[in-house]
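Novice: predicted model follows, preceded by the sequence.
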Amino acid sequence: MPSGRSSTSSTAASPGRRSSPEAAARRDTLVLGAGALGLAWALTTTAAYLPPILGRYTDSTTLVGLVLAAEGFFALTLPLVIGPWSDTFHTPLGRRRPFMLAALGPMAFALALLAFMPNLWTTALLLFALFFAYYVYEPPYRGLYPDVLPDRVFGRAQGVQHVFRGIAIAGGLIGGGFLFHLWRPAPFLVAAAVVSVACLVPIVLVTEDGGHGRVFEGVRTYVAHSWQVLRSNRDVATFLVANTAWEGTFAGARTFVVLYVTVGLDEPLVTSTYILGAVAAGYIVAALLAGRIGDRVGLARVITVASAIYGVGLLAGGLGREWHGWYLVVIFLVAIAGGTVMTLAWGLLFKLMPPGERGAISGLATTTKGIGLVIGPLAAGAVIDILGPYLESTEGYQALWPVLGVPIILAIPFVARLARAEAAANETLADET
């Protein structure tokens, strides 16, 4: 894979010290990972604690769902422009960081005020502002990874990022729940503070190549370029198909897991807390281990094996009609497999990116997240409604896990195909070095 990353500025200063490049890579993975902490904390807080606030203004769960589902619209559209634009936006601050800096203030501002809005529509408008700023920040942030880091640490870097994400999910859910009971706006104010600090870290501490002459070629040009990149790069297109499956499954599970427990299994809310705790624990274990294993064995190979365990585990979830405590062990193991897939996915994509199109490809990958946000919950909800009369003991909810497991299984051949592309990229890098 062609080299030429801007990160070398941090390692070139001490060419005679062998530890310098490795130490710089470790530092950069931590600095970049801080951004994921802020982003994940923001979405976890809104997903968990905004519905009760919206519920004060409307009795329609459909309307509440539509307001939250608007995230998919922003994820589908903005990255197609912001991603390629960040490839050409040459400023003294760099290419990616100006977008991240511009988005940081609106993200924190919207989060801080969300719980203080007087009605549904002003709350929804502020939420849309949050989503807009989020998807201005994320594609350039993703593009920084292959810009700054050497190829050999892509897996480890994603592991570090997902440890931060796991901390954010646990902190946002557990700490946010305690704060929400004390004072409803508290979780949102804390999330605003976390975003302000964590998402600022990569902006301040990452070193990019600067430049002059800001370039904006137009929205139509950037959208057309994104689709041209998609058509011309078969390996990237293959990855995006698999990523759509992964993101759709994740979105569907996030939407219905609590209802599956409380309605489908008729268990108290505390059971869902235990389940989410097991999932979070498995996710963090995967983040700690998967990166190093993937960098040694091959990211695509590890994702392929983990996908098989993940998919089969989800399919088997459809067999359960009542809750048993030992399910937590199975859930923990399946969560490790699922966390491994999500941890290594972007690391694999980074290896497939041509250097001049990293922003555009990061935008396309974020767009597939938007597709998943739309398709996953809709497909899962439809299957539950359709099969409800036939699966009366769980009111149709046991169908949730098989319908989410099928995309994971279907994506396995696509990932296996990318193992060859990853090997070719590694050989190219070895020849160049």
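Specialist: The structure has been received and is ready for your questions.

Novice: gap between the one helix or strand in the chain whose mean pLDDT sits lowest and the chain center?
Specialist: The weakest-scoring helix or strand in the chain, judged by mean pLDDT, DSSP states H and E, is helix 219-232 (a mean of 74). The chain centroid and the centroid of helix 219-232 are separated by 22 Å, computed with Cα atoms, centre = their mean, to the nearest Å.

Novice: could you do stretch 168-187 as well?
Specialist: The chain centroid and the centroid of stretch 168-187 are separated by 21 Å under Cα atoms, centre = their mean.

Novice: could you tell me the end-to-end distance of it?
Specialist: The first and final residues of stretch 168-187 sit 12 Å from each other (Cα to Cα, to the nearest Å).

Novice: now do it, average pLDDT.
Specialist: Mean pLDDT, computed over stretch 168-187, is 85.

Novice: give me the contact list for that stretch.
Specialist: For stretch 168-187, contacts defined as Cβ atoms under 8 Å, 6 or more residues apart in numbering pick out 36-41, 44-45, 48-49, 52-53, 114-116, 190-191, 194, 276, 280, 283. For glycine as for every other residue, the C-beta is placed from the backbone atoms N, C-alpha and C.

Novice: also stretch 194-203?
Specialist: Residues outside stretch 194-203 that contact it (Cβ under 8 Å, 6+ apart) are 31-32, 34-35, 37-39, 41-42, 97, 100-101, 104, 107-108, 111, 137, 141, 144, 168, 171.

Novice: just stretch 392-409 next, same as before
Specialist: Counting by Cβ under 8 Å, 6+ apart, 245-246, 248-249, 252-253, 256, 259-260, 263-265, 307-308, 310-322, 341, 376, 379-380, 383-391 sit against stretch 392-409.

Novice: buried set for it?
Specialist: With burial defined by 16 or more other Cβ atoms under 10 Å, the residues of stretch 392-409 counted as buried are 394-409.

Novice: farthest-apart pair in the residues you listed, please.
Specialist: Maximum pairwise distance among the buried residues of stretch 392-409 (Cβ to Cβ): 25.3 Å, between Glu395 and Ile409.

Novice: mind checking the longest helix of the chain?
Specialist: helix 19-54 (DSSP state H).

Novice: please state the offset of the helix or strand following that helix from the chain centre?
Specialist: Counting by DSSP states H and E, the element after helix 19-54 in chain order, helix or strand, is helix 61-88. When C-alpha coordinates are averaged (Cα atoms, centre = their mean), helix 61-88 and its chain have centres 13 Å apart.

Novice: which helices and strands sit right next to helix 61-88?
Specialist: When contacts are defined as 3 or more Cβ pairs under 8 Å, 6 or more residues apart in numbering; DSSP states H and E, helix 61-88 packs onto helix 19-54, helix 97-113, helix 120-148, helix 219-232, helix 358-387.

Novice: quick one: mean pLDDT over that helix.
Specialist: For helix 61-88, mean pLDDT is 84.

Novice: just the angle between that helix and helix 19-54, please?
Specialist: Taking axes from the mean of the first three to the mean of the last three Cα atoms, to 10 degrees, one finds helix 61-88 and helix 19-54 inclined to each other by 150 degrees.

Novice: and the residue nearest to Trp41 when sequence neighbours are not counted, how far from Ala287?
Specialist: Closest residue to Trp41 apart from its sequence neighbours, by Cβ to Cβ, 6 or more residues apart in numbering: Ala168 at 4.1 Å. According to Cβ to Cβ, to the nearest Å, Ala168 stands 12 Å off from Ala287.

Novice: and the two? Which one has more around it.
Specialist: It is Ala287, of Ala168 and Ala287, that has more neighbours when counted by other Cβ atoms under 10 Å, with 26 against 23.

Novice: in terms of helices and strands, where is the more buried one?
Specialist: Going by DSSP H and E, Ala287 is part of helix 269-297.

Novice: show me how far that helix is from its chain's centre.
Specialist: 14 Å.

Novice: just stretch 230-250 next, same as before
Specialist: The answer for stretch 230-250 is 14 Å, by Cα atoms, centre = their mean.

Novice: buried residues in it?
Specialist: Within stretch 230-250, the residues that qualify as buried by neighbour count (16+ other Cβ under 10 Å) are 230, 233, 235-236, 238-240, 242-250.

Novice: same question for stretch 375-393.
Specialist: Buried-residue list, stretch 375-393, by 16+ other Cβ under 10 Å: Ile375, Gly376, Pro377, Leu378, Ala379, Ala380, Gly381, Val383, Ile384, Leu387, Leu391.

Novice: export the residues you listed to JSON lines and tack on distance to Arg296?
Specialist: Listed next are the buried residues of stretch 375-393 as JSON lines, based on distance: Cβ to Cβ, whole Å:
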{"residue": "Ile375", "distance to Arg296": "34"}
{"residue": "Gly376", "distance to Arg296": "32"}
{"residue": "Pro377", "distance to Arg296": "36"}
{"residue": "Leu378", "distance to Arg296": "39"}
{"residue": "Ala379", "distance to Arg296": "36"}
{"residue": "Ala380", "distance to Arg296": "36"}
{"residue": "Gly381", "distance to Arg296": "40"}
{"residue": "Val383", "distance to Arg296": "39"}
{"residue": "Ile384", "distance to Arg296": "41"}
{"residue": "Leu387", "distance to Arg296": "43"}
{"residue": "Leu391", "distance to Arg296": "44"}
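
Novice: closest one of the residues you listed to Glu71?
Specialist: Once Cβ to Cβ is applied, the member of those that ends up nearest Glu71 is Pro377, at 10.9 Å.

Novice: would you turn the buried residues of stretch 375-393 into JSON lines with pLDDT?
Specialist: Shown next, in JSON lines, are these (pLDDT from 0 to 100):
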{"residue": "Ile375", "pLDDT": "86"}
{"residue": "Gly376", "pLDDT": "85"}
{"residue": "Pro377", "pLDDT": "83"}
{"residue": "Leu378", "pLDDT": "82"}
{"residue": "Ala379", "pLDDT": "85"}
{"residue": "Ala380", "pLDDT": "85"}
{"residue": "Gly381", "pLDDT": "83"}
{"residue": "Val383", "pLDDT": "86"}
{"residue": "Ile384", "pLDDT": "84"}
{"residue": "Leu387", "pLDDT": "86"}
{"residue": "Leu391", "pLDDT": "87"}
